[in-house]
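Asks: coordinates only, sequence not included:
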DNA sequence: TTTATATATGAACAATTGTTCATGTGTTAA
DNA sequence: TTAACACATGAACAATTGTTCATATATAAA
């Protein structure tokens, strides 16, 4: 018996086959980590609200803070996270910095999320 | 001057217009909260790995724990979260409980996430 | 240069989260 | 009924996270 054949649910063959398929198709650890990190970004309603504003227009930090009724500092911290993960991009114009969406996937991902929670 | 006309970046008209558009298009608080909660589910690499296994087959808890090399307890806790959020469904067969994907959106959302992190 | 405005960021705090351990529930076989 | 197995779950702990406050940087105007 090979070392992977640990007994489990008394179904050793199925387990063997599964392990093989999963080893083939499962992305590597780094990619899985990055993927989870990406979704963590969407897992905060402040960041979601920021993105919904950016769906409509390119906006400066100050306007974001006022529109969402939050401290400028909190908005800046979140924008930093969004930018680090390439979900938004920024452009300076005088004293202001304008933020906008950086990626098409943002709309798709949030759209699919909306569809999911609007079911049944 | 109306009370919404707080000065910000010396661009009151733009701010006014933005507020109006955002108020129209922004989902209500409950929906935004639910949406963030949904994405939080995807924001953990253990749960992501569970979902990748379920992309391939319907699997029992024991096999999941062995395949992912984790404690059965940890897997059960995560499956509970996935089930509560309708991302997986379960079916008892004797002593075992088999889990499988409950929703098409799961593949799309994870697929879009993969596309995003695989860019540039 | 000084002042004011817009934004960024480090530290600190409360709140949330994922895992482990111990134990409980449900099912099957003896 | 008892024992064994598969899974679920509450409590506890460490680790992570989002906000606030204070302050730093950057730009523009005086």
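Replies: Arrived safely, thanks for sending. Note that this is a predicted model, so its numbers are computed, not measured.
Asks: and residue A:89, that's in a helix?
Replies: No. Assessed with DSSP: H, G, I helix; E, B strand; the rest coil, residue A:89 is strand; it does not lie in a helix.
Asks: My guess is it contacts residue A:79. True?
Replies: No. Using Cβ atoms under 8 Å, residue A:89 is not in contact with residue A:79, being 10.5 Å away. No exception for glycine: its C-beta is placed from N, CA and C like everyone else's.
Asks: what residue ranges in chain A are flagged as low confidence?
Replies: A:1-7, A:10-14, A:120 (pLDDT under 70).
Asks: thought residue A:31 was touching residue B:115?
Replies: No. The criterion here is Cβ under 8 Å, and residue A:31 misses it with residue B:115 at 11.9 Å.
Asks: who in chain A is up against DNA strand C?
Replies: A:60-62, A:65, A:72-73, A:76-77, A:79-80, A:90, A:95-98 (Cβ under 7 Å from any atom of the strand).
Asks: which of the residues you listed are close to chain B?
Replies: Filtering the residues of chain A next to DNA strand C for proximity to chain B by Cβ under 8 Å from any Cβ of the partner chain leaves A:60, A:62, A:95-96.
Asks: before we move on, the earlier item: quick check: of the residues of chain A next to DNA strand C, which has the highest neighbour count?
Replies: When neighbours are counted by other Cβ atoms under 10 Å in any protein chain shown, residue A:60 leads those with 23 neighbours.
Asks: ok, the residue nearest to that one when sequence neighbours are not counted - contacts?
Replies: Distance criterion Cβ to Cβ, 6 or more residues apart in numbering or on different chains; nearest residue to residue A:60, sequence neighbours excluded, is residue A:96 at 4.2 Å. Residue A:96 makes contacts with A:60-62, B:9, as judged by Cβ atoms under 8 Å, 6 or more residues apart in numbering or on different chains.
Asks: Could you do residue A:116 as well?
Replies: Counting by Cβ under 8 Å, 6+ apart, the residues that residue A:116 touches are B:38, B:86, B:103, B:105, B:109.
Asks: Need the max-distance pair from these.
Replies: Spatially, the most separated pair among these is B:86 and B:109, at 13.0 Å (Cβ to Cβ).
Asks: okay, the two: which has more neighbours?
Replies: residue B:109 (27 against 17).
Asks: The more buried one: what's its closest spatial neighbour, skipping adjacent residues?
Replies: residue A:112 is the one closest to residue B:109 (Cβ to Cβ, 6+ apart), at 4.9 Å.
Asks: Now name the helix or strand holding that neighbour.
Replies: Using DSSP states H and E, residue A:112 maps to helix A:104-117.
Asks: quick one: that helix to chain centroid distance?
Replies: 11 Å (Cα atoms, centre = their mean, to the nearest Å).
Asks: go on, stretch A:73-80?
Replies: 16 Å.
Asks: got the contact list for that stretch?
Replies: Contacts for stretch A:73-80 (Cβ under 8 Å, 6+ apart): A:44, A:46-47, A:50, A:61, A:64-65, A:68, A:88, A:90, A:99.
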